[in-house]
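**Q** this one's sequence-less:
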Ligand SMILES: Cc1cc2nc3c(=O)[nH]c(=O)nc-3n(C[C@H](O)[C@H](O)[C@H](O)COP(=O)(O)OP(=O)(O)OC[C@H]3O[C@@H](n4cnc5c(N)ncnc54)[C@H](O)[C@@H]3O)c2cc1C
């Protein structure tokens, strides 16, 4: 593309599968949100995976009530937020949130990074399934991964692979791959084997792929809590019309959409819909004592009401919810904080809950997992297509493990802050004081949003933007044409070189990568000065290289070419 080309429209999705050298290029185990997101990212990058999902129908047991953190702007930049909300304007961060059931007044933060998108997980999954289908991804429902064997070349610690049995739906372009994974599948028509160059376990916290690969899952299990959650109806007289929260006779106000701690437990009242608010109550038991209820049977509303009475010391009559379901009625005993000891074993990789589990406090699960998928997708596609060396995949764990470690840390910290006891009450008083300090609010908000993530891009003395999430920009093309927001250029997940000098010298330096990298020469719109004069953005919207120099120096151009080669392969 010429250096001064106008900002182009996003390229359409590829219409033909890439040449495959095994039965298929990539198999993903699990069509949960993270497996589906990874499938979309791979397809955008020209590799169509096969997704194997053990369930015959999409899940209805809604878990997440929404997305929290950097994933919200990410969904916007992929055009996926519009599919959920119809909203085309950039997302606006929340004014308030909660940390460990303490108010986080985000208006105190100088640069508020914390977005929320209250959409049930089943709707997110349905949207991603629809998008994956549009992109030509095959999702096989009712197909469970039951075994895997890696070829010796793929995984030196395993023995040779038995010959694959025929795939019932073979890829006609497939050819043998010297190194591959043989995936054993239980499908509706019986067992079969599928050879893939890579297998990704997106099969949740109990991941069969992780266990079959011998990847450990160290961490801690707490067995002293019971959380009962249900959609309910409550008497209108108990709902405060001013706040939407509860006003309970004999106790007082319970604010909406926030964890509320008492001396006896934790309660959350979330009227996402007024006819079926979600009520969740957590109680603690003595360590080692049996926690309440059989994990395999759902609780009753009477059981939940008793729990409310114990936690608040006052009664809240509960009735079944009105309106259309599906409705939640769930009891969760204890909880886990665990991290896979490797995110990759040979040609097997893990994303999402398969790689890490933690408390749902603050809703960080999909912020973490969906960004795992977006980090891995373009890298795996580049390796599969032969554009990048397999070593690129090592950066997946190098970048995402520290992020998962921080999520585990901050959710454990929140769990500690909601526990009962006078010592915790004292700790909360101190935290309440700290959370009035703007710098503390900024730090906590950055941590919860994942806005503190800065990847090592391998550059010495990098520009402050390097490694970070690319800032929002509105661009005026150098040769005229309407201004365009950055999110119009990131929907198809192509690497971007933004030459904001308007002159095109940086863009010209990337011409030899023109088949992979879209170069855009533009000026930033409006009075706000550009955060850099040129930026190279990876498909995950992280900045691989940036410069403040209006006039390129030899070093700038050398660093730019090195970054292009490091992330997108050799020049053509
Ligand atoms: C009560 C609760 C509330 C939560 N609230 C929030 C929230 O508000 N915000 C947030 O961001 N996160 C929240 N989370 C976390 C979020 O739900 C998870 O992080 C998310 O579901 C993980 O997605 P995943 O795709 O990695 O795994 P999963 O959603 O577990 O999907 C895995 C898929 O793999 C399939 N599968 C399993 N084994 C196999 C196999 N052998 N072969 C083929 N398929 C298989 C499963 O059927 C499933 O469809 C919450 C979690 C819970 C439990």
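**A** Yes, it's here. Since this is a predicted model, take the numbers as computed values, not measurements. Numbers count the residues shown, from 1 in each chain.
**Q** and stretch 185-200, is it in reach of the ligand?
**A** No: contact of stretch 185-200 with the ligand (Cβ under 6 Å from any ligand atom) is absent, the minimum separation being 7.9 Å. Using the backbone N, CA and C atoms, a C-beta is placed for each residue, glycine as well.
**Q** for the record, mean pLDDT for that stretch?
**A** Per-region confidence: stretch 185-200 scores 96 on mean pLDDT.
**Q** for the ligand, what are the nearby residues on the stretch 1-150 of the chain?
**A** Among all residues of the stretch 1-150 of the chain, those adjacent to the ligand (criterion: Cβ under 6 Å from any ligand atom) are 29-35, 52-55, 59, 63-68, 121, 144-145.
**Q** Mind checking which of these are in helices?
**A** By the criterion of DSSP state H, membership of these in helices covers 33, 34, 35, 121.
**Q** what number of residues lie near the third one?
**A** With neighbours defined by other Cβ atoms under 10 Å, the count for residue 35 comes to 30.
**Q** go on, the second one?
**A** Counted by other Cβ under 10 Å, the residues lying close to residue 34 total 33.
**Q** repeat for residue 323
**A** Neighbours of residue 323 (other Cβ under 10 Å): 11.
**Q** Can you give me the domain assignment for this protein?
**A** When the chain is parsed with automatic domain parsing, its domains come out as 24-66+119-216+340-418, 221-335, 474-568.
**Q** Which among the ones you listed is found nearest to residue 90?
**A** Ranking the domains of the chain by proximity to residue 90 (Cβ to Cβ) places domain 474-568 first, at 7.1 Å.
**Q** what about that closest one, start to end distance?
**A** Across its full length, domain 474-568 reaches 25 Å between end residues, using Cα to Cα, to the nearest Å.
**Q** quick revisit: report the two of the ones in helices among the residues of the stretch 1-150 of the chain next to the ligand separated the most.
**A** Greatest spatial distance among these (Cβ to Cβ): 35 and 121, at 13.2 Å.
**Q** circling back to that earlier point, who wins for proximity to residue 88 among the domains of the chain?
**A** domain 474-568 (9.0 Å).
**Q** Mind checking the pLDDT average for that closest one?
**A** Average pLDDT, domain 474-568: 94.
**Q** before we move on, what about stretch 127-144?
**A** Averaging pLDDT along stretch 127-144 yields 98.
**Q** can you give me the offset of it from its chain's centre?
**A** 18 Å (Cα atoms, centre = their mean, to the nearest Å).
**Q** List the backbone torsions phi and psi for residue 449.
**A** Residue 449 has phi and psi values of phi -80, psi -20 when expressed as degrees, to the nearest 10.
**Q** in terms of contact, does residue 227 touch residue 332 like I think?
**A** Yes: if you go by Cβ atoms under 8 Å, residue 227 and residue 332 touch, sitting 4.6 Å apart.
**Q** Give me the more crowded residue out of those two.
**A** For the pair residue 227 and residue 332, the greater number of neighbours falls to residue 227 (21 against 16), based on other Cβ under 10 Å.
**Q** which residues does that one bridge with?
**A** According to DSSP bridges, the partner residues bridging residue 227 are residue 282, residue 332.
**Q** Quickly note the distance from it to residue 254.
**A** Computed with Cβ to Cβ, to the nearest Å, the distance linking residue 227 and residue 254 is 16 Å.
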